[in-house]
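> pasting the structure only:
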């Protein structure tokens, strides 16, 4: 599975069966967009790492209270940073 498509390649005796290769357009990009829509429905705001100056200590289960930087990048970079946060949540959970 990749970002743009998912494929399955059958192999028989070490040879690829080219006529049986399957490609499906639903992959990482589609799943990332679905997760973003789910977060919007649940009113969860995504804050990319570049915006966080520092994190305040909060009680367990409380909403995070980050101190944000006062910068305004291009909309394309912001969308990219949010997608990275969605695609690699293990880097952004702590």
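Arrived safely. Everything numeric here is computed off the predicted structure, so don't read it as measured data.

> how many other residues sit next to the nearest residue to residue 16 once chain neighbours are set aside?
Using C-beta to C-beta, 6 or more residues apart in numbering and skipping the chain neighbours, the partner closest in space to residue 16 is residue 9 (5.8 Å). C-betas here are computed from N, CA, C, even on glycine. For residue 9, the neighbour count with other C-beta atoms under 10 Å is 11.

> same thing with residue 7?
Neighbour count of residue 7, defined by other C-beta under 10 Å: 11.

> and it, what pLDDT?
Listed pLDDT for residue 7 reads 87.

> Residue 78 versus residue 46, what's the distance?
Look at residue 46 and residue 78: by C-beta to C-beta, to the nearest Å, they are 10 Å apart.

> My read is that residue 4 contacts residue 30, right?
No. Between residue 4 and residue 30 there is no contact under C-beta atoms under 8 Å: 9.0 Å.

> And the next helix or strand past the lowest-mean-pLDDT helix or strand in the chain?
When the helices and strands of the chain are scored by mean pLDDT, DSSP states H and E, helix 28-41 comes last with a mean of 84. Next along the chain after helix 28-41, taking DSSP states H and E as the criterion, comes strand 52-55.

> I'd like the average pLDDT over the following helix or strand past that next one.
The helix or strand immediately downstream of strand 52-55 is strand 66-68, counting by DSSP H and E. Average pLDDT, strand 66-68: 90.
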